[in-house]
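1. turn this into a model:
(chains A and B)
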Amino acid sequence: MDQRSFVIGNLLLRNPDNATALETTLQGLKLQALARVTICITGADLDPWLNDQPAHQWTTFTMKEHDILHFKKRKKGLRAYVAVQGGFDVPEVLGSRSTFVRGRIGSILRGGGSLRICTFDSEVPENILTLPQEYRPDFNRIDPIRLLMGPQEDYFTPRGIATLLNSTYRISPQSDRQACRTDGPTIEIAKGPGIISDPIPLGGVQVPGDGKPIILLRDAQVTGGYAKIATLARVDMDRLGQMIPGDEIRFRRISRETAIDLLMEEERRFEEVRGLLKAKAHISCLRVREERIT
Amino acid sequence: MDEKYPIIKPVGEDSILVEYEAEVSPEINLKARQLAFGLEQGSFPGLKEVISTYRAVMVYFEPFRADVDTVQGFIKQVNANLVEIELPAPRLFRIPTAYGGTHGPDLNRVAEHTGLAPDEVIRFFSAQAYLVYFLGFICGLAYMGGVPEALDVPRLSSPRASVPGGSVGFSGPQANILPVDSPSGFNYIGRTFVTMYDPHEFPPTLIRPGDYIQCQAVSDQEARLAGERHLGEFIESFQGN
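-> Model prediction:
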């Protein structure tokens, strides 16, 4: 749900970008290391503790055999990621190791279960890598979520569109990985709300008969029959994935060109992080060697 | 032919929606399927996925590898030669289905609404092969159409929270077989035990848009036995309704 945080955890561990990590929501996850393992926690601040000490976030560290990692309390954001060096070893289905419960793909971690870790290059030194503060997402942002209008904004009155863009909505407790439901002013519908069922883009904002926008997220259905007033800008998807029921949300329309520029800027920053971590890893490697020599 | 169509509109940063005439009919759906097939066959650098529905096609691409104007140009080019695109021959999936009883919680409701006897409902519904307009929603759900008018029954006023996978149902002209347990407001009159969706196979369902499905009435025992066979064993060539 927050892909950037997920990938950064893997980058810090020098894993492939999409090595399997755990996503945990709110609080309560407790993990015990059955062997020595290097891990990294990214994403939301769920107050992680390593045994009786607060654990680092956005930083790699080692858990020794029997160490316990515990997420005690949600502080900021909604979902944290636990990446391990090598990645978790779960079966690949349709070219992915993701979990999609309704599609019977992958599984949710149950109490008492254990996870294996893929073998990794043990030559990689266990030096600590940290993501500099300025590259970490800001979970206190309150600026509007950006939208590209369409594909069916003509199903709504100009007043309905103005309502969407000028109101404050609240994320409803009925939200899940499939859709973010909202409570707030009713959007006036010109025709419909039904359309002949058609494809749903990632981040599509559909408005059913009650006039409350529903934003379709990463586990959304691929087709549907409600008119879609707008589509979320891709750069704001991860941010929405970290918002919790009760959070306030406002929308702002941007052009397709602006959305592409923002996406490119995002990509550039990501490459910067990649370069930075690569350079750091390199320096640390040298240092390790020097120590061995002396 | 309506000059207004197809309507081509960019959606988000990385997709383009193509809409043909706003109706649910085999003729318009054929255009959507032909366009989708033509785009997939032609392909272009950065193409990610093509999804066809009743009358629309969505083209997903990588925004840094393909630009929206080039993709639109490609869509127009394929659309200009639509009639020449030959689709794979349609196949008929004849799926053994047990009707009524615990498998068909809405059979009596449908009978009451239509004034038909439950047996007649089953006979009318199972005699027809239904066109698969597209695969969508979740897990490759086949959107079928062509249910006889005598069986015109609206959706339930409030959808059921969970209907078992394999349930066979309809509403208005539309029909479906749920691939997995799902909420639904359709009228379910039967159930098949044949696995319609298996994520551990590729593709996870053998059914393609343009195929036909007939939900053949069999006994409960036969339906359960059929559940041990692979979906591929129920394919026949389609000879027309």
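2. name the residues linked to the residue of chain B found nearest chain A by a beta bridge.
-> Closest to chain A within chain B is B:Gly136: 3.1 Å, counting by CB to the nearest CB. Backbone N, C-alpha and C define where each C-beta goes, glycine included. For B:Gly136, the residues forming beta bridges with it (DSSP bridges) are B:Leu141.
3. map the structural domains onto the sequence of the chain.
-> By default, I'm working from chain A. Chain A breaks down into these structural domains: A:3-137+A:268-293, A:145-254 (assignment by automatic domain parsing).
4. my bad, the chain I had in mind was chain B
-> Recorded structural domains for chain B (assignment: automatic domain parsing) are B:7-84, B:91-237.
5. output those as a markdown table; include the columns mean neighbour count.
-> Output for those, formatted as a markdown table (neighbours: other CB atoms under 10 Å in any protein chain shown):
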| stretch | mean neighbour count |
| --- | --- |
| domain B:7-84 | 18 |
| domain B:91-237 | 19 |
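6. of the domains of chain A, which is nearest B:Ser184?
-> Ranking those by their distance to B:Ser184 (criterion: CB to CB) puts domain A:145-254 first, at 12.3 Å.
7. that closest one: how far from the chain's middle?
-> Relative to its chain's centre, domain A:145-254 lies at 19 Å (CA atoms, centre = their mean, to the nearest Å).
8. can you give me the end-to-end distance of it?
-> 10 Å (CA to CA, to the nearest Å).
9. point out where chain B drops to low pLDDT.
-> In the predicted model, chain B carries pLDDT under 70 at residues B:1-2.
10. look up the closest residue to B:Asn241, ignoring the ones flanking it.
-> Excluding its sequence neighbours, the residue lying closest to B:Asn241 (CB to CB, 6 or more residues apart in numbering or on different chains) is B:Ala129, at 5.5 Å.
11. brain fart, A:Gly43
-> Excluding its sequence neighbours, the residue lying closest to A:Gly43 (CB to CB, 6+ apart) is A:Ser5, at 3.8 Å.
12. what helix or strand is that neighbour located in?
-> A:Ser5 is part of helix A:3-12, with elements assigned from DSSP states H and E.
13. helices or strands up against that helix?
-> Secondary-structure packing of helix A:3-12 (3 or more CB pairs under 8 Å, 6 or more residues apart in numbering or on different chains; DSSP states H and E): strand A:37-45, strand A:76-84, helix A:237-241, helix A:256-293.
14. try it again with 7 Å
-> Helices and strands touching helix A:3-12, as assessed by 3 or more CB pairs under 7 Å, 6 or more residues apart in numbering or on different chains; DSSP states H and E, comprise strand A:37-45, strand A:76-84, helix A:256-293.
15. CSV for those, including mean pLDDT and distance to B:Thr97?
-> Below are these laid out as CSV (pLDDT from 0 to 100; distance: least, CB to CB, whole Å):
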stretch, mean pLDDT, distance to B:Thr97
strand A:37-45, 96, 46
strand A:76-84, 97, 42
helix A:256-293, 76, 47
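16. how many other residues sit next to the closest residue to A:Val82 other than its chain neighbours?
-> Excluding the flanking residues, the one nearest A:Val82 by CB to CB, 6+ apart is A:Leu22, at 4.4 Å. Taking other CB atoms under 10 Å in any protein chain shown as the neighbour definition, A:Leu22 ends up with a count of 19.
17. report the contact partners of the residue nearest to B:Asn241.
-> If you count contacts by CB atoms under 7 Å, 6 or more residues apart in numbering or on different chains, B:Ala129 has them with B:Leu92, B:Tyr212, B:Ile213, B:Gln214, B:Asn241.
18. ok, these vs A:Pro193, which is closest?
-> Sorting the contacts of B:Ala129 by distance to A:Pro193 puts B:Ile213 at the head of the list, at 29.2 Å, by CB to CB.
19. quick one, what contacts the nearest residue to the closest one once chain neighbours are set aside?
-> Leaving aside its sequence neighbours, B:Ile213 sits nearest to B:Phe93 (CB to CB, 6+ apart; 4.8 Å). Taking CB under 7 Å, 6+ apart as the criterion, B:Phe93 is in contact with B:Ile207, B:Asp211, B:Ile213, B:Phe234, B:Ile235.
20. a helix runs through A:Pro208, doesn't it?
-> No. A:Pro208 is assigned coil when assessed by DSSP: H, G, I helix; E, B strand; the rest coil, not a helix.
21. that one against A:Tyr226, yeah?
-> Yes. Contact criterion CB atoms under 7 Å: A:Pro208 and A:Tyr226 qualify, at 5.1 Å.
22. of all of chain A, which residue lies closest to chain B?
-> Using CB to the nearest CB, the point where chain A gets nearest to chain B is A:Thr223, with a distance of 3.1 Å.
23. what about that residue, how many residues nearby?
-> Here the count is done by other CB under 10 Å, and A:Thr223 has 22 residues near it.
24. per-residue confidence for it?
-> The pLDDT attached to A:Thr223 in the predicted structure is 94.
25. got a list of what it touches?
-> Under the criterion of CB under 7 Å, 6+ apart, the neighbours of A:Thr223 are A:Ser197, A:Asp198, A:Pro199, A:Ile200, B:Thr53, B:Gly136, B:Phe137.
26. what sits against the residue nearest to it when sequence neighbours are not counted?
-> Counting by CB to CB, 6+ apart, A:Thr223 lies nearest to B:Gly136, which is 3.1 Å off, once chain neighbours are set aside. Listed by CB under 7 Å, 6+ apart, the contact partners of B:Gly136 are A:Ser197, A:Val222, A:Thr223, B:Thr53, B:Tyr143.
27. okay, and which of the residues you listed map to strands?
-> Mapping the contacts of B:Gly136 onto strands (DSSP state E) picks out A:Ser197, A:Thr223, B:Tyr143.
28. need the contacts of B:Phe93 in a markdown table (columns: secondary structure).
-> A markdown table is the format used below for the contacts of B:Phe93 (three-state DSSP):
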| residue | secondary structure |
| --- | --- |
| B:Ile207 | coil |
| B:Asp211 | coil |
| B:Ile213 | strand |
| B:Phe234 | helix |
| B:Ile235 | strand |
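29. ok, the residue nearest to A:Gly43 - contacts?
-> The neighbours of A:Ser5, taking CB under 7 Å, 6+ apart as the test, are A:Thr42, A:Gly43, A:Tyr81, A:Pro137.
30. repeat that with 10 Å
-> Applying CB atoms under 10 Å, 6 or more residues apart in numbering or on different chains to A:Ser5 gives the contacts A:21, A:23, A:41-44, A:58, A:77, A:79-81, A:83, A:131, A:136-137, A:238, A:241-242.
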